[in-house]
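Trainee: Need a 3D model of the sequence below.
(chains A and B)
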Amino acid sequence: MTARTRFCGGLLRISRALRTVALSLVTGCVFSVHASFGAVHGDNDTSHSSGHGTHTKTHNTTYPATRAFPVLTVNYDHVRKPFEISLWILLASLMKLGFHYIPRVSSVVPESCVLIVVGLLVGGLIRLLGETLPVLDTQLFFLCLLPPIILDAGYFLPTRPFTENLGTILVFAVVGTVWNSFFIGVVLYGVCQIEGEQLAAVDLLACLLFGSIASAVDPVAVLAVFEEIHINELLHILVFGESLLNDAVTVVLYHLFEEFASEGQVTVVDACLGMVCFFVVAFGGILVGTVFGLVAAVTSRFTAHSRVIEPLFVFLYSYMAYLSAEVFHLSGIMALIACGVVMRPYVEANISHKSYTTVKNVLKMWSSVSETLIFIFLGVSTVAGPHSWNWAFVIITIFLCLISRVMGVVGLTFIINKFRMVKLTGKDQFIVAYGGLRGAIAFSLAFLLPSDHFPMKNMFLTAIITLIFFTVFVQGMTIRPLVDLLAVKKKKQTKFTINEEIHSQFINHMLSGIENVCGHYGHHHWRDKLSRFNKYYVKKWLIAGERSQEPQLISFYNKLELKQALLVAESGSAANIGPGLSSAALSAQSQKQRTVMKNISKEREEEIRKILRANLQKTRQRVREALDQHYTHITTSSPHTHTHTFSDTLGPPAIETRLDILQMTHYLTVSASGWDSPPVRRARFQSDSQEYMAKPSAPVSIPAINMELVSAPPGSLALLEEVTDQAQQSQDEGCGMHANSHEEKSMKPNVTFALELEKQKLSRCLSDPGPNKIEVEAEEKEHFLS
Amino acid sequence: MGAFHSVPEDHEYHLLAKKTGFSLEQIVILHNRFNQLSHNSDVLRREDLRKIPDLACNPIQSQIVEAFFDERNFKKGGEGSVQEIGFEEFLTVMSYFRPPETHLTAEQKEEIRRTKMRFLFNMHDTDNDGTITLEEYRHVVEELLSRSGSLGKETAKSIADAAMLEVASISMGRMGPDEFYAGITFDHFLKILKELEIETRMNIHFLNMDTTFFCK
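Mentor: Residues are numbered from 1 along each chain as shown, chains lettered A, B, ... in the order given. Below is the predicted model of the structure:
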């Protein structure tokens, strides 16, 4: 067995390698084919066009009539551009796949390194074939490759740690970057002057410009490396936040020095204007982003009737924010992030569950592909050159970058720690300093330099590339063992529990209360004020329907419930039921309350029965019969009927208890939660345009027990059918009823299938729990905390 | 508004500083605030705290106020609640929210953690019996949701029930059919909130500058 798997593994690896080689060859061939087709280009064109235009041209043609009708023609030129782009993306994605099949490599080398190496190889291959190398076109980079990554980062930014550490992040981003630029620029200038010879031509402004390019920490590289080391949240947000926010500084400094370098001289007024420019760029970008975010939120309020295009609004508005900011040379990255952060809570409350999933997955996919492409192109561009190597310059650059980063971080932390409650330790500082990776943004900015003003552009380019390689390879590869060595705290892997959520909120309120007693307006006070403002004024405008009233704890609780229910439904076995479901626990907890609960449920039961019977119609009777058949058919024929496994594991008294509880919860879930919960959100298709009526005193089921609905014993079958029949009606008292019956349906895949045969229009919410994985992701968790 | 402290009782202040760990400036500021709240009398009553306008919007206002008058929080080993407190007790309760120093041993950190958790536990355990029963927990959740409109007790009840179930399963594992989970003891409480990192979260920034005249 093991021999075979090893053989298969080996075979797989070989096939992967072969495939990549083959693909590279194909790429090369494609180019050479294109080259050779240049010759027959003319012929193909005319035959092609004559093929199309024969109707118009038949009279005028002097075309020799002896030629046979071309059955098969090749016209590569026609599709050249899209073909190449697709091929590149395909190559990138295959690389990503192949990467994970080489286990030893993937645990040592971060993905970004491998991708750069692949880029180098492909570049080398293309050069060998004598083709022109595609260079990382700056337009392409800034307009197509960068935005998805930034949007992904901004949209899923964990806002709570971000705002808590905002001061620190800003200090690192702004002051740190300025310090780095000036330090590198000035010292480099000094070194150049000392060195003499070729370097003497480099003047101060050019050096400063180079310094500003080289000092910016790159979000793409940071993301790529930090994603894999699972470091604790604080450090992650510090480095990552810094890499995002320093864009404003970089933009300003870059344009500033570029302007000055072409002018040739600097005055004090210019310097002051430069500082003003910084504020304009930063806040302008944020403003643009916020405006677009709010517009997106308002738009999403009205998308109830066209759910399919909801994700498109998210993407378009964000992209427009980016482009609009770029028009005015404002910070596009900050605009994008502001847009994502502002838009997210409102849009998520408005759009359907499926749209939310779509947005999430498309963003992740896009950013992943972008990142891969960027690194590959970086490798290819390295091969492309042009290079001008200067030992001194390059070595000094790398050395200076390291030194200035360390000095900057240590110095700033010393000042920051006076204001922080949770001080940054030496280990933290080391990671922050070491995690300052440079990446493709620096390269693109260097590439963008006009070579007439900067005769040493090639030297700059080479130095930047070497710097990027150094940080990504050396620092990227060694950071993981260093993190382990220094025993830096890793990210918590635990799932978030209800208790933690309750106490989190409790602590927040308590802290802001104590702040009030103390009499100073601290962080908690302002956060409280903001959330109250948000609740009373903003949410009304931006969130449709009653979801604006839903408090955070409830939505968290409901989401948790839903997730667990879906988990159980998909796993389909009693053994997987989550915590707290041992019959003992149930009986223990409900012992005190059981009698009371039973009484309530009996009342409820009567009420519901009455309502249901009052609305029964003949057609539904028919359906119910059909349903009967289907259900029994399925339960008897399916190999692992839930009912069977369930009853087998329990003794008789437990079944009794369970039956009671099950029946009780049936009625509990059916009799509607009085507010919109995520199951309702998924069921909005029917009542999208209708107002939700709250059923005031309906009890909500205990989540633990909900899960047991997966295996309803036959006793409650009748009621289930009544319930699901009830759901057929579109006009109803309390749309919540639909919703929860749908929730039940989603937990009973067998019945769902049967039902869908009968009632297509209910299928929308049922068809997508997605591929059997529910990830309790940190991002979603953050959403609820922030 | 707070008048500058009437008598610079330095000796007392030093004692307090040693006891609670605050710096002298912080104690002075807090004393100013105390005087402001209690209208320059020596004792603080519940009504004085309730008059703080910002506190009125807080959903768990009553529990916060109670915490100041709970003898268990005075570190003197007493129990029950009092009607009025002096500055020393005020300061003692505030000291629960002091951020920990940077260079502490693991045991000291654990001790601080336990103290803060104990404070939290006392806030929930209103009847002083050492466990948080289902009723008490329900009360907590109700209070938390009390500002969020007319959702009623049922939601709070079920959320609290779910939370209790969680605690039961985490602390007790599988229980026998006759076992009854009476309530959350302090140890269970510690266990379920292990991940909350309370020593970093439950902190207030006590300033060294007096800003109390900015707020009411």
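Trainee: any weak-confidence spans in the chain?
Mentor: If you meant another chain, say so; for now it's chain A. Filtered on pLDDT under 70, chain A yields the residue ranges A:1-65, A:196-200, A:264-266, A:493-496, A:544-556, A:572-786.
Trainee: um, chain B though
Mentor: In chain B (pLDDT under 70), the answer is B:1-9, B:147-153, B:173-182, B:208-216.
Trainee: ranges for the strands of it?
Mentor: According to DSSP state E, chain B carries its strands in the segments B:44-45, B:84-85, B:131-132, B:184-185.
Trainee: okay if I get the ones you listed as JSON lines plus distance to residue B:120 and mean neighbour count?
Mentor: The way it works is simple: take the backbone N, C-alpha and C, and place the C-beta from them, glycine included. Supplementary listing: these in JSON lines, determined by distance: least, Cβ to Cβ, whole Å; neighbours: other Cβ atoms under 10 Å in any protein chain shown:
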{"stretch": "strand B:44-45", "distance to residue B:120": "22", "mean neighbour count": "20"}
{"stretch": "strand B:84-85", "distance to residue B:120": "19", "mean neighbour count": "20"}
{"stretch": "strand B:131-132", "distance to residue B:120": "10", "mean neighbour count": "21"}
{"stretch": "strand B:184-185", "distance to residue B:120": "11", "mean neighbour count": "22"}
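Trainee: Now tabulate those strands in a markdown table and tack on distance to chain A.
Mentor: Output for the strands of chain B, formatted as a markdown table (distance: least, Cβ to the nearest Cβ, whole Å):
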| stretch | distance to chain A |
| --- | --- |
| strand B:44-45 | 10 |
| strand B:84-85 | 12 |
| strand B:131-132 | 11 |
| strand B:184-185 | 9 |
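Trainee: Redo the ones you listed as JSON lines? Include distance to residue B:196.
Mentor: Shown next, in JSON lines, are these (distance: least, Cβ to Cβ, whole Å):
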{"stretch": "strand B:44-45", "distance to residue B:196": "30"}
{"stretch": "strand B:84-85", "distance to residue B:196": "28"}
{"stretch": "strand B:131-132", "distance to residue B:196": "16"}
{"stretch": "strand B:184-185", "distance to residue B:196": "14"}
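Trainee: For residue A:380, which of the ones you listed is the nearest?
Mentor: Nearest of the strands of chain B to residue A:380, taken as Cβ to Cβ: strand B:184-185 at 60.5 Å.
Trainee: Adjacent strands (with direction) for the closest one?
Mentor: In the sheet, strand B:184-185 lines up against strand B:131-132 (antiparallel) (DSSP bridges).
Trainee: What are the buried residues along stretch A:443-457?
Mentor: By 16 or more other Cβ atoms under 10 Å in any protein chain shown, the buried positions in stretch A:443-457 come out as A:443-447, A:449, A:454, A:456-457.
Trainee: whoops, I mixed them up, stretch A:317-330
Mentor: A:317-322, A:324-326, A:330.
Trainee: Please save the CA atoms from it in PDB.
Mentor: C-alpha atoms of stretch A:317-330 as PDB (Å, rounded to 0.1, in the frame of the first residue of the first chain):
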ATOM      1  CA  TYR A 317     -17.600  50.600  -6.600                       C
ATOM      2  CA  SER A 318     -14.300  49.700  -5.100                       C
ATOM      3  CA  TYR A 319     -12.500  49.800  -8.400                       C
ATOM      4  CA  MET A 320     -14.000  53.100  -9.200                       C
ATOM      5  CA  ALA A 321     -12.800  54.400  -5.900                       C
ATOM      6  CA  TYR A 322      -9.300  53.300  -6.700                       C
ATOM      7  CA  LEU A 323      -9.400  54.800 -10.200                       C
ATOM      8  CA  SER A 324     -10.900  58.000  -9.100                       C
ATOM      9  CA  ALA A 325      -8.300  58.500  -6.400                       C
ATOM     10  CA  GLU A 326      -5.600  57.700  -9.000                       C
ATOM     11  CA  VAL A 327      -7.000  60.400 -11.300                       C
ATOM     12  CA  PHE A 328      -6.000  63.100  -8.700                       C
ATOM     13  CA  HIS A 329      -2.800  61.400  -7.700                       C
ATOM     14  CA  LEU A 330      -4.400  60.600  -4.300                       C
END
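Trainee: Show me the contact partners of that stretch.
Mentor: For stretch A:317-330, contacts defined as Cβ atoms under 8 Å, 6 or more residues apart in numbering or on different chains pick out A:142-143, A:147, A:150-151, A:154-155, A:251, A:255, A:280-281, A:284-285, A:288-289, A:291-293, A:295-296, A:299, A:331-336, A:338-340, A:343.
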